[in-house]
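Asker: Only the shape, not the letters, is given here:
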């Protein structure tokens, strides 16, 4: 029986370890994808700046790209705020929440349970009185 429980615990640890490794792999892969996307976005902006600077000049190209990025950031911020406002957090009204009241009929059982609990704890430890 002892060997059965040891094997069961070992199997649970192995399964848990495998699950953690799988989750960490997905997190690392997602992080690598985000870093590559940021690098790609940077190269795209640099090439757009080079193309626009030959046509419009360096200052106008920087102004246009800055404006486009600012608008894109504002749109993403608006979308994130809109998504958050769809599911408002509901907080219970403090006046509506009342603590449960114990009946006097339950008082005897609560006292008996508490006394039994205290006695069991006292007897469980080796007291030298």
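Answerer: Yep, it's here. Nothing here was measured: the structure is a model prediction, and the numbers come from that model.
Asker: Give me the most central residue, this structure.
Answerer: residue 27 (13.0 Å; Cα atoms, centre = their mean).
Asker: Now do the contacts for it.
Answerer: By Cβ atoms under 8 Å, 6 or more residues apart in numbering, no residues touch residue 27. Using the backbone N, CA and C atoms, a C-beta is placed for each residue, glycine as well.
Asker: For residue 40, see how far away it is.
Answerer: From residue 27 across to residue 40, the span is 20 Å (Cβ to Cβ, to the nearest Å).
Asker: so where's the chain shaky on pLDDT?
Answerer: Counting by pLDDT under 70, the chain has low-confidence residues at 1, 5, 8, 83-105, 126-129.
Asker: again, only this time at 80
Answerer: In the predicted model, the chain carries pLDDT under 80 at residues 1-18, 83-109, 122, 124-129.
Asker: how about the helices in it?
Answerer: If DSSP state H is used as the criterion, the helices of the chain fall at 2-56, 58-86, 104-124.
Asker: ok, and for stretch 51-65, which residues are buried?
Answerer: Neighbour counts over stretch 51-65 (16 or more other Cβ atoms under 10 Å) mark 52-53, 61, 65 as buried.
Asker: Residues touching that stretch, excluding its own?
Answerer: Contacts of stretch 51-65 (Cβ under 8 Å, 6+ apart): 45, 48-49.
Asker: and that stretch, how far from the chain's centre?
Answerer: 42 Å (Cα atoms, centre = their mean, to the nearest Å).
Asker: Straight-line length of that stretch, end to end?
Answerer: Start to finish, the residues bounding stretch 51-65 are 11 Å apart (Cα to Cα, to the nearest Å).
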